[in-house]
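Visitor: Pasting the sequence and the predicted model now:
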Amino acid sequence: MSGHVSDCSLRTDRATEILRPVWPEVVVIDVRARAGGQLSSVYEVQCAVPAESVIVKVYDDRWDWFASIGETAPLPGITADIRQLS
């Protein structure tokens, strides 16, 4: 995984928690902080099950107001759509 930065505050157990609604059997094997993300911290999460890497953005608490507009994540249909892609 190229282009990562060394500081990584998202732990594998938390990444697993975040991905569990989408992939109930997920096994996270590595988390690396990525450069970028003006409003969020950006991480590349490598999974053994499924054998995929995904980008996870973690927003600061000050952006909670944004999540409260409409329904909060995962939005209806998103989980099913993501499962169809895998």
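Guide: Nice, thanks for sending it over.
Visitor: So which residues of the chain form strands?
Guide: Remark: strands assigned in the chain by DSSP state E are 4-5, 27-34, 40-49, 53-59.
Visitor: what helices or strands is the third one leaning on?
Guide: Put plainly, it is strand 40-49. Counting contacts by 3 or more Cβ pairs under 8 Å, 6 or more residues apart in numbering; DSSP states H and E, strand 40-49 is packed against helix 12-19, strand 27-34, strand 53-59. Quick note: C-beta positions are derived from backbone N, CA and C, even for glycine.
Visitor: That strand pairs with which strands?
Guide: Each strand that pairs with strand 40-49, with its direction, by DSSP bridges: strand 27-34 (antiparallel), strand 53-59 (antiparallel).
Visitor: so who does A15 touch?
Guide: Contact analysis of A15 by Cβ atoms under 8 Å, 6 or more residues apart in numbering lists V28, V31, Y43, V45, V56.
Visitor: Just to check, V28 is in contact with I18?
Guide: No: with contact defined as Cβ atoms under 8 Å, V28 does not count as touching I18 (9.2 Å).
Visitor: So for the two, which sits in the more crowded spot?
Guide: Neighbour tally, V28 and I18, criterion other Cβ atoms under 10 Å: the higher count belongs to V28, 24 against 18.
Visitor: show me the contacts for the more buried one.
Guide: T12, A15, T16, L19, V45, Q46, C47, A48 are the contacts of V28 under Cβ under 8 Å, 6+ apart.
Visitor: Near the fourth one, how many other residues are there?
Guide: L19 is surrounded by 20 other residues when neighbours are defined as other Cβ under 10 Å.
Visitor: Could you list the low-pLDDT ranges of the protein?
Guide: Across the chain, the ranges flagged by pLDDT under 70 are 1-8, 61-86.
Visitor: rerun at 90
Guide: 1-9, 18, 21-22, 35-42, 52, 56-86 (pLDDT under 90).
Visitor: Give me the distance between the spatially closest residue to I55 that is not a sequence neighbour and K57.
Guide: Nearest residue to I55, sequence neighbours excluded (Cβ to Cβ, 6 or more residues apart in numbering): E44, at 6.0 Å. Distance of E44 to K57, given as Cβ to Cβ, to the nearest Å: 11 Å.
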